[in-house]
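>>> Quick one, structure for this:
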Amino acid sequence: MKQKIPESAHIPTEEEVTAERERREYQKRYRQTLRTTIYALIVVAAAVMLAVTTFLSVLQVSGISMEPTLSDGDIIVLVKSGDFETGDLVGFYYQNKLLLKRVIAGPGDIVDIDEEGNVYVNDEYLDEPYVTEKSRGETDRDYPLQVSERKYFVMGDNRSASIDSRSSMIGYIEKDQIVGKIIFRIWPLSSFSLIK
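The predicted model follows:
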């Protein structure tokens, strides 16, 4: 027995069927493209995060030992590196803390600090425009002294408040302790700058 098609039912035309088929194909391609794009963005984001965590660290400064170059609360970016020169600002681990200081001398260099706080490296006066007030600071060492191999002599820019390589408590910093160089300050925004 044949079923009777109700009069209210609409039988699509060939053009309507073709249009519906094209619409569904378009939706399928759109979903595939969207899914591929989302997967690609996730992979790119993961790669960027891996690169950032592998090569960069974002830190907040705590303390006044690096004033006026860095102030308490500044947010800085440190690039992980193994190449350091005199004048570089570095972050290094000391007793499970990350300290920030400036490299004054490298392996084999001879450091001398006079009573007024003038610094000499290999008998040459070290011009330090980043230091606003010179001070010999807290030191229990005899000068001149020679930096050991694979070690660095570091000091804070705020010479009267910084505890650094001038004290045998911290002493020379081994290359393996150094995390990397500070490259720029990102906060506060008004002080955004490259660090030198």
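>>> mind listing the strands for the protein?
Secondary structure of the chain by DSSP state E: the strands cover 56-60, 75-80, 89-94, 97-105, 110-113, 119-121, 124-125, 145-146, 151-155, 173-174, 178-187, 193-194.
>>> what stretches of this structure score poorly on pLDDT?
Low-confidence regions of the chain, defined by pLDDT under 70, span residues 1-8, 51-54, 189-194, 196.
>>> ok, now with 80
The chain contains residues with pLDDT under 80 at 1-10, 12, 47-60, 81-82, 187-196.
>>> Please report the distance of T18 from Y26.
Here T18 is placed at a distance of 13 Å from Y26 (Cβ to Cβ, to the nearest Å). Placement of C-beta: from N, CA and C, glycine included.
>>> how about the CA coordinates for stretch 74-86, as CSV?
Extracted in CSV, the C-alpha atoms of stretch 74-86 (Å, rounded to 0.1, in the frame of the first residue of the first chain):
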residue,chain,number,x,y,z
ASP,A,74,61.0,46.5,39.1
ILE,A,75,60.2,43.6,36.8
ILE,A,76,63.1,42.5,34.5
VAL,A,77,63.8,40.0,31.8
LEU,A,78,66.9,37.8,32.1
VAL,A,79,68.2,35.9,29.1
LYS,A,80,69.8,32.6,29.9
SER,A,81,73.4,32.8,28.7
GLY,A,82,76.9,31.6,29.4
ASP,A,83,78.9,34.5,28.1
PHE,A,84,79.6,37.4,30.5
GLU,A,85,81.7,40.5,30.3
THR,A,86,82.7,43.2,32.7
